[in-house]
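In: Pasting the sequence and the predicted model now:
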Amino acid sequence: DTGVSQDPRHKITKRGQNVTFRCDPISEHNRLYWYRQTLGQGPEFLTYFQNEAQLEKSRLLSDRFSAERPKGSFSTLEIQRTEQGDSAMYLCASRPGESGNTIYFGEGSWLTVV
Amino acid sequence: AQSVSQHNHHVILSEAASLELGCNYSYGGTVNLFWYVQYPGQHLQLLLKYFSGDPLVKGIKGFEAEFIKSKFSFNLRKPSVQWSDTAEYFCAVNANFNKFYFGSGTKLNVKP
């Protein structure tokens, strides 16, 4: 399967713990996005990368959240000192460069903070 | 800020009924418009998209959508739904080639 892959698919963690999610985009897609989705809502933009550069971050991304894409390929999203309000589906998506204007989503990583 | 509104949160139809899901967006410039579908237990998938040209676009599985610029709308339609269309549908707008904004989604339940 050459789609966007995310790992882990499900994570249950205790409040205050750190969690990290990984995203492997479609190969040769230089743009990578992170979104968050909660029940009853559509995906909310968190941040996006063009190659290894993080070009924009949403105000939703508090200081406890950090995303990286060190070599312009896979990306990680880390949440430090998790809170119950962080419980959500974290979606990764990728798209080609300027010539491609459709984003392709992974299956998401479910986070439950207890 | 850009926003996307989907009027119907939950729609219940019988098989063979016609479907229309509303989507309005707020952005005054050039936009690219999308409908994504999420089947139960699956990831978001592209249903159809509009970039330019004919405002009536056709997508997969018999879906179509019409872009009406004057109304800032991009409604999704299907003449005859099937039970397999049961899913959640999201309208999305891309206004600056970078960020994509999504509506809150419409859950469609098709009764067999």
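Out: Good, I have the coordinates. Residues are numbered from 1 along each chain as shown, chains lettered A, B, ... in the order given.
In: and the helix or strand where residue B:37 lies, what's its mean pLDDT?
Out: In this structure, residue B:37 sits in strand B:32-38 according to DSSP states H and E. Across strand B:32-38, pLDDT averages out at 95.
In: for that strand, the distance to its chain's centre please.
Out: On the basis of C-alpha atoms, centre = their mean, to the nearest Å, strand B:32-38 sits 5 Å off its chain's mean C-alpha point.
In: Check stretch A:70-82 too.
Out: That offset, for stretch A:70-82, works out to 8 Å (C-alpha atoms, centre = their mean).
In: For the closest residue to chain B within chain A, give me its contacts.
Out: Of all residues in chain A, residue A:42 sits closest to chain B, at 3.5 Å by C-beta to the nearest C-beta. To be clear about C-beta, it is placed using only N, CA and C from the backbone, and glycine gets the same treatment. Contact analysis of residue A:42 by C-beta atoms under 8 Å, 6 or more residues apart in numbering or on different chains lists B:4, B:6, B:90, B:92, B:102, B:103, B:104, B:105.
In: which two in those are spaced the farthest apart?
Out: B:92 and B:104 (11.4 Å; C-beta to C-beta).
In: Please say which of the two ends up with more neighbours.
Out: Comparing residue B:92 with residue B:104 by other C-beta atoms under 10 Å in any protein chain shown, the one with more neighbours is residue B:92, at 24 against 16.
In: Identify the residue nearest that one in space, chain neighbours excluded?
Out: Distances taken as C-beta to C-beta, 6 or more residues apart in numbering or on different chains place residue B:34 nearest to residue B:92, at 4.3 Å, with adjacent residues excluded.
In: Spell out which parts of chain B neighbour chain A.
Out: Within chain B, the positions adjacent to chain A are B:4, B:6, B:9, B:32, B:34, B:36, B:42-46, B:49, B:51, B:90, B:92, B:94, B:97-105 by C-beta under 8 Å from any C-beta of the partner chain.
In: Now with 7 Å, please.
Out: B:32, B:43-44, B:46, B:49, B:51, B:90, B:94, B:97-100, B:102-105 (C-beta under 7 Å from any C-beta of the partner chain).
In: Please check those and keep the buried ones.
Out: The neighbour count (16 or more other C-beta atoms under 10 Å in any protein chain shown) marks B:32, B:43-44, B:46, B:49, B:90, B:94, B:99-100, B:102-105 as buried among the residues of chain B next to chain A.
In: what's the lowest-pLDDT member of the residues you listed?
Out: residue B:99 (82).
In: so who does that residue touch?
Out: For residue B:99, the contacting residues are A:45, A:48, A:56, by C-beta atoms under 7 Å, 6 or more residues apart in numbering or on different chains.
In: now what about the helix or strand hosting the last one, what contacts it?
Out: Under the assignment given by DSSP H and E, the secondary-structure element containing residue A:56 is strand A:53-57. In this structure, residues lying in contact with strand A:53-57 by C-beta under 7 Å, 6+ apart are A:47, A:48, A:49, A:67, B:98, B:99.
In: With respect to residue A:11, which of those is nearest?
Out: Nearest to residue A:11, judged by C-beta to C-beta, of the contacts of strand A:53-57 is residue A:67 at 16.1 Å.
In: and that closest one, what element?
Out: Assigned by DSSP H and E, residue A:67 belongs to strand A:65-68.
In: What lies in contact with that strand?
Out: The contact list for strand A:65-68 (C-beta under 7 Å, 6+ apart) reads A:34, A:47, A:54, A:75, A:76, A:77, A:78, A:79.
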